[in-house]
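Asks: Here is my input, please return the structure:
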Amino acid sequence: MHRLTLAQANAMIEAAFAKGAEMGLKPLTATIHDPGGHLIACQRQDNASTLRVRLAAGKAAGALALGVSSRTVGEMALDRPHFIASIDSMDFGGMVPAAGGVIVLDEAGVIVGAIGVTGDTSDNDEACALAAIAAVGLRPAN
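Replies: Modelled structure (predicted):
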């Protein structure tokens, strides 16, 4: 496997939303991307704001662009704000330096895509992303 399939992407979104419901979160939006950052699937729950699609995509795209989770991108932004601000404008999908964007690895440790989740606190968004990855038997990059 070199990238997530549409079936896996849809299952991940379903699992992220199920985790959000279990946790009693605000309406979520989830995007799934291939290793190049291109969108595979996206869903926005009822009453989720329209900007959430771009925010979720920015979390996933930023993670893929720098090879680390969007949580780590956020930590990098604190230490090197000018660096993150400058590369944000270079990246195809933009970059959101807040937890919720996680790179997805297959069983061999190869990057097969990324997920971005937004709608609640960044920590809760990330919890839903991690649950989504586990639901399809894959693993997050560290």
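Asks: Helices of the chain, residue ranges please.
Replies: Using DSSP state H, the helices of the chain run over residues 6-23, 52-66, 70-79, 81-88, 122-135.
Asks: Comparing those by mean pLDDT, which bottoms out?
Replies: Of all the helices of the chain, mean pLDDT reaches its minimum on helix 81-88 (a mean of 88).
Asks: can you tell which of the helices of the chain is closest to Gln43?
Replies: helix 6-23 (4.9 Å; CB to CB). In this view, the C-beta of every residue, glycine as well, is placed from N, C-alpha and C.
Asks: Give the other helices and strands that that closest one contacts.
Replies: With contacts taken as 3 or more CB pairs under 8 Å, 6 or more residues apart in numbering; DSSP states H and E, helix 6-23 sits against strand 29-33, strand 39-44, strand 111-118, helix 122-135.
Asks: 10 Å instead?
Replies: strand 29-33, strand 39-44, strand 101-105, strand 111-118, helix 122-135 (3 or more CB pairs under 10 Å, 6 or more residues apart in numbering; DSSP states H and E).
Asks: Walk me through which strands the fourth one pairs with, and which way each runs.
Replies: The strands that strand 111-118 pairs with in its sheet are strand 29-33 (antiparallel), strand 101-105 (antiparallel) (by DSSP bridges).
Asks: What is the neighbour count of the nearest residue to Ala48 once chain neighbours are set aside?
Replies: Spatially, and ignoring its direct neighbours in sequence, Ala48 is nearest to Pro27 (3.8 Å; CB to CB, 6 or more residues apart in numbering). Taking other CB atoms under 10 Å as the criterion, the count of residues near Pro27 is 15.
Asks: Pretty sure Pro27 sits against Thr50.
Replies: No - the criterion here is CB atoms under 10 Å, and Pro27 misses it with Thr50 at 11.5 Å.
Asks: what is in contact with these two at once?
Replies: Arg44 (CB atoms under 10 Å, 6 or more residues apart in numbering).
Asks: Off-centre distance for stretch 4-15?
Replies: 13 Å (CA atoms, centre = their mean, to the nearest Å).
Asks: Contacts for that stretch, please.
Replies: With CB under 10 Å, 6+ apart as the criterion, stretch 4-15 contacts 1, 3, 28-35, 39-43, 45, 104, 106, 112-115, 117, 128-138.
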